[in-house]
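Undergrad: coordinates only, sequence not included:
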């Protein structure tokens with residue numbers, strides 16, 4: 001597996017961020033490919049760089065389904081608080097409750113809009129100008145808080161992002177704001193596809209299985225009203241971990257690119 005790593009600065013906080021870029025080795029560099037942007041990039045490929053010792057092995061999933069696509073994996077911040085800031089378009093009390101361990105912060109979240117704007121207006125043009133891509137074929141995939149920001153991206157920039165997968169979305173975060181944002185959005189075109197799922201055994205911090213199941217059920221129903229090509233799956237015994245997401249990834253790709 002050959003991964004190209006580059007570092008770019010995010011304009012909203014000037015943090016340096018590693019990008020991990022993968023193209024299938026059997027494809028020559030001049031062949032234009034669709035691009036899949038993924039959050040928590042350190043977890044996307046090998047477990048050697050993953051936060052919890054297990055990667056998604058997305059390159060293996062591409063090979064399994066026979067999909068030729070380019071992956072641009074964006075590392076999340078090292079500080080978990082910064083990650084919440086970056087993946088949440090809005091601040092809310094649920095984020096403060098979830099991150100209740102000692103912290104000097106009085107607000108969490110709210111940088112997601114600027115982060116997505118950076119992807120759309122800075123990162124994507126950079127990738128399209130430096131690699132052979134299909135600029136009109138753009139996918140975004142994330143899990144947990146990465147699911148929140150991916151769903152936001154689909155409805156904020158439907159003219160750019162055509163496919164989204166939001167696995168095990170932390171639907172309790174930004175719940176009311178995200179739901180209202182989706183409900184106020186215009187219906188998307190037949191070209192758009194959205195995959196969502198949630199496991200029945202997902203917990204994180206004080207958030208229970210019911211927190212995850214209820215919020216995902218409500219959000220997925222709102223998405224279904226706007227996206228005709230939409231799939232929502234409840235995974236029996238599914239847990240909130242990279243091992244679960246890696247296992248589901250081939251089926252996710254099959255739906256998105258069917």
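TA: Good, I have the coordinates. A quick note: this is a predicted structure, and the numbers were derived from the prediction, not measured.

Undergrad: Name the helix or strand of this protein that has the lowest mean pLDDT.
TA: Using mean pLDDT, DSSP states H and E, helix 93-98 stands out as the lowest-scoring helix or strand of the chain, at a mean of 74.

Undergrad: And for it, what's in contact with it?
TA: With contacts defined as C-beta atoms under 8 Å, 6 or more residues apart in numbering, helix 93-98 is touched by 84, 88, 105-109, 170, 172-175, 204-207. Using the backbone N, CA and C atoms, a C-beta is placed for each residue, glycine as well.

Undergrad: partner residues bridging residue 233?
TA: Beta-bridge pairing of residue 233 under DSSP bridges involves residue 197.

Undergrad: Out of the contacts of helix 93-98, which one has the lowest pLDDT?
TA: Lowest pLDDT of the contacts of helix 93-98: residue 105, 74.

Undergrad: Would you mind checking the contacts of helix 93-98 for buried ones?
TA: Buried members of the contacts of helix 93-98, scored by 16 or more other C-beta atoms under 10 Å, are 84, 88, 108-109, 170, 172-175, 204, 207.

Undergrad: Filter the residues you listed down to the ones in helices?
TA: Mapping the buried ones among the contacts of helix 93-98 onto helices (DSSP state H) picks out 84, 175.

Undergrad: ok, so of the buried ones among the contacts of helix 93-98, who is nearest residue 123?
TA: Checking these against residue 123 by C-beta to C-beta gives residue 88 as the nearest, at 18.9 Å.

Undergrad: check contacts around residue 183.
TA: Counting by C-beta under 8 Å, 6+ apart, residue 183 has contacts 222, 225.

Undergrad: Ok, the one 10 residues further on next?
TA: Shown here is residue 193, whose contacts under the criterion C-beta under 8 Å, 6+ apart are 162-164, 227, 229-230, 255-256.

Undergrad: now these in JSON lines, with pLDDT and neighbour count?
TA: As requested, the contacts of residue 193 are exported to JSON lines (pLDDT from 0 to 100; neighbours: other C-beta atoms under 10 Å):
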{"residue": "162", "pLDDT": "97", "neighbour count": "20"}
{"residue": "163", "pLDDT": "98", "neighbour count": "24"}
{"residue": "164", "pLDDT": "98", "neighbour count": "28"}
{"residue": "227", "pLDDT": "98", "neighbour count": "24"}
{"residue": "229", "pLDDT": "98", "neighbour count": "16"}
{"residue": "230", "pLDDT": "98", "neighbour count": "19"}
{"residue": "255", "pLDDT": "98", "neighbour count": "17"}
{"residue": "256", "pLDDT": "98", "neighbour count": "23"}
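
Undergrad: Tabulate the residues you listed in TSV, adding columns for distance to residue 12.
TA: Below are those laid out as TSV (distance: C-beta to C-beta, whole Å):
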residue	distance to residue 12
162	25
163	26
164	22
227	28
229	32
230	31
255	33
256	29
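
Undergrad: Show me which of those residues is closest to residue 216.
TA: Residue 216 has its nearest neighbour among the contacts of residue 193 in residue 230, at 12.9 Å by C-beta to C-beta.

Undergrad: So which other helices or strands are in contact with whichever strand or helix holds that closest one?
TA: For residue 230, the element it lies in under DSSP states H and E is strand 229-235. Here strand 229-235 touches strand 193-199, helix 209-224, helix 242-256, going by 3 or more C-beta pairs under 8 Å, 6 or more residues apart in numbering; DSSP states H and E.

Undergrad: Phi, psi for residue 183 please.
TA: With angles defined as degrees, to the nearest 10, residue 183 sits at phi -60, psi -30.

Undergrad: Can you tell me the element the residue positioned nearest the centre of the chain falls in?
TA: Closest residue to the average C-alpha location of the chain: residue 142 at 2.0 Å, with C-alpha atoms, centre = their mean. Residue 142 belongs to strand 133-143 when assigned by DSSP H and E.

Undergrad: Residue 105 too?
TA: With DSSP H and E as criterion, residue 105 is part of no helix or strand.

Undergrad: Just the pLDDT at the residue lying closest to it once chain neighbours are set aside, thanks.
TA: With sequence-adjacent residues excluded and distances taken as C-beta to C-beta, 6 or more residues apart in numbering, residue 105 is closest to residue 81, at 6.2 Å. The per-residue pLDDT reported for residue 81 equals 86.
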